[in-house]
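Colleague: Just to be clear, the model below is a prediction. Sequence and coordinates:
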Amino acid sequence: MTVGQRIAQKRKELGLSQEGLGERLGVSRQSIYKWESGGTLPEIEKLVNLSRIFSVPVGWLLGEEDAAAERKELTEEQLRMVEEIVGRYLAARPAPEPAREAGPAPVPPPRPSKRRRWPLVLAAAAVTAVFFHLSSRLDRMNQEYQNLQDSIGYVRDDVNHQINGIAGRVESILQSQNSLTAEWSASVVSTDLAENTVTVEARAVPKTFVEGMTAEFVLSSGEETVTVPAEAGEDHAFQARITGPLSDGITVTAVFLSGERRETQVLEQFNYLYSNSFPEVRVNGTLWGTGNQVDEYATAAPAAPEPGAAAISQLRVGLFRDRKLLSWYIPLEEKPGNFHGDWGSTLFFRLEGSWTMEPEHVYCIAAVVTDEYGRERVYGDMPVVYDPERDFADFDRSNEVGGAIVLDSSPAGWDY
């Protein structure tokens, strides 16, 4: 039993979710997942805190108690080594001095010598101590190696962040130098979720104004494009309000027209306006880990609504295989007895029937949300694939089989 499997076992016995255990330890849910799946090991401080939460010794989490029990009996190879050590010890002892001549002494009849056991016991204890010392040193070296890898990762992330910051500043300078506008702005004025539209107010002042110049603004949303003429104002400023389809990728462009000359300048890009208009839900149900049995319970926690986001009309939680529904979970009126602590606005569900995972299929627990305008969204938990050779449901393995597409929130690719 690995350290991660022991952590997962005790967490489930206490009825804690990965997120709940992470909050008590001050770490992310991803860290708990990496520990339980064997990707990384907890730091010493976290192991001590885990032992207090689970009310077990640190040695139990590390498997040292089992190892100690296994060390009580020496193997044949260990006995052979002990006998060899003892033999060398006896051979190296100085020979006894010959007795002084004092006349012939009666020679006692030979009698079988009784084998002394204390050298064997001491040697066995020494070998056991050496094995235990080497094992402890290996554990420390593994932990130090992991800490070094984490430090390298932090440095790499910091360097990448600085490089991205410099690249962003350089890009801003180049855009300013090549810009056609001396001043511009574009902002969302309103959204109509019932009609699924967005209204943007745009304003642009050309760097070089020529007499007779006109302008128009273009809103591109997905495959649709809306163009409106701009009104000329003071200081050669052009402005307009433009309404188009609401989507996750919207671009607003200013077009300056002077005779037959047409110059285009992108003003602003709006991302995830459509997705952010939905109520967000976090769903959680244990699928990964030892064995292929699907956990009986799942939870769904609606997040605090963003300004302008729609309200939830219906929320369902289901078990999916390759994004096809296997079974809906039954909503529960109250928290099950094995879920401890304050779960706030979390909703609890129980799976209908007993389900086991088959190899080479991507399994996922997902919440299907319908908002007040009849729009649907799918929020999935971490997808997994069951590996029969390891008797383990693995999150990383799911990416090879197609787990990445399971996280798509669009209902078009889900069958329910």
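Modeller: That came through, no problem. Predicted, not measured: the structure shown is a model, and the values here were computed from it.
Colleague: Any regions of the stretch 1-150 of the chain where pLDDT drops low?
Modeller: 64-136, 142, 145, 149-150 (pLDDT under 70).
Colleague: redo that, cut-off 90
Modeller: Applying pLDDT under 90 to the stretch 1-150 of the chain picks out residues 1-6, 8-20, 22-24, 26-49, 51-52, 54-150.
Colleague: and Glu263, bridged to which residues?
Modeller: Phe256 (DSSP bridges).
Colleague: and it, what pLDDT?
Modeller: On pLDDT, Glu263 comes in at 93.
Colleague: which residues sit in contact with it?
Modeller: Counting by CB atoms under 8 Å, 6 or more residues apart in numbering, Glu263 touches Leu180, Val255, Phe256. Backbone N, C-alpha and C define where each C-beta goes, glycine included.
Colleague: from these, which is closest to Leu41?
Modeller: Nearest to Leu41 among these is Leu180, at 56.2 Å by CB to CB.
Colleague: which ones are touching that closest one?
Modeller: So Leu180 contacts Pro206, Lys207, Thr208, Ala254, Phe256, Glu263, Thr264, Gln265 (CB under 8 Å, 6+ apart).
Colleague: Filter the residues you listed down to the buried ones.
Modeller: Taking 16 or more other CB atoms under 10 Å as the criterion, what is buried in these is Pro206, Ala254, Phe256, Gln265.
Colleague: Just name the closest of those residues to Ala310, please.
Modeller: Ala254 (31.3 Å).
Colleague: For that closest one, give its distance to Val189.
Modeller: Per CB to CB, to the nearest Å, Ala254 is found 17 Å from Val189.
Colleague: And for Asn147?
Modeller: Using CB to CB, Asn147 is found at 51 Å from Val189.
Colleague: got it, and Thr356?
Modeller: 53 Å.
Colleague: Just give the nearest non-adjacent residue to Val401, would you?
Modeller: Spatially, and ignoring its direct neighbours in sequence, Val401 is nearest to Val385 (5.0 Å; CB to CB, 6 or more residues apart in numbering).
Colleague: from memory that neighbour sits against Val406, does it?
Modeller: No - at 10.5 Å, Val385 does not count as touching Val406 under the criterion of CB atoms under 8 Å.
Colleague: any common contacting residues for the two?
Modeller: With CB under 8 Å, 6+ apart, Val385 and Val406 have common neighbours Val362, Ser398.
Colleague: so which strand or helix has the residue nearest to Val401?
Modeller: Here Val385 sits within strand 384-387, counting by DSSP states H and E.
Colleague: Output the contacts of Leu180 in CSV; the columns should cover distance to Ile7.
Modeller: Formatted as CSV, the contacts of Leu180 follow (distance: CB to CB, whole Å):
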residue, distance to Ile7
Pro206, 63
Lys207, 61
Thr208, 66
Ala254, 56
Phe256, 62
Glu263, 61
Thr264, 57
Gln265, 55
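Colleague: what's the closest of the residues you listed to Ala237?
Modeller: Once CB to CB is applied, the member of the contacts of Leu180 that ends up nearest Ala237 is Pro206, at 9.1 Å.
Colleague: nearest spatial neighbour of the closest one, skipping sequence neighbours?
Modeller: Using CB to CB, 6+ apart, the closest residue to Pro206 is Phe256 (5.3 Å).
Colleague: Got the confidence number for that neighbour?
Modeller: On the pLDDT scale, Phe256 gets 95.
Colleague: who's in contact with it?
Modeller: Leu180, Ala204, Pro206, Met213, Thr214, Ala215, Arg262, Glu263, Thr264, Gln265.
Colleague: OK, contacts around the residue lying closest to the fourth one once chain neighbours are set aside?
Modeller: The spatial neighbour of Met213 that comes closest, neighbours along the chain excluded (CB to CB, 6+ apart), is Ser258 at 4.7 Å. Contact analysis of Ser258 by CB under 8 Å, 6+ apart lists Val210, Gly212, Met213, Thr214.
Colleague: can you put those in a markdown table and add distance to Arg140?
Modeller: Below are these laid out as a markdown table (distance: CB to CB, whole Å):
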| residue | distance to Arg140 |
| --- | --- |
| Val210 | 75 |
| Gly212 | 79 |
| Met213 | 73 |
| Thr214 | 74 |
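Colleague: who wins for neighbours among those?
Modeller: Met213 (17 neighbours; other CB atoms under 10 Å).
Colleague: I'd assumed Phe238 was in contact with Cys209.
Modeller: Residue 209: Phe, not Cys. No - using CB under 8 Å, Phe209 is not in contact with Phe238; the gap is 9.9 Å.
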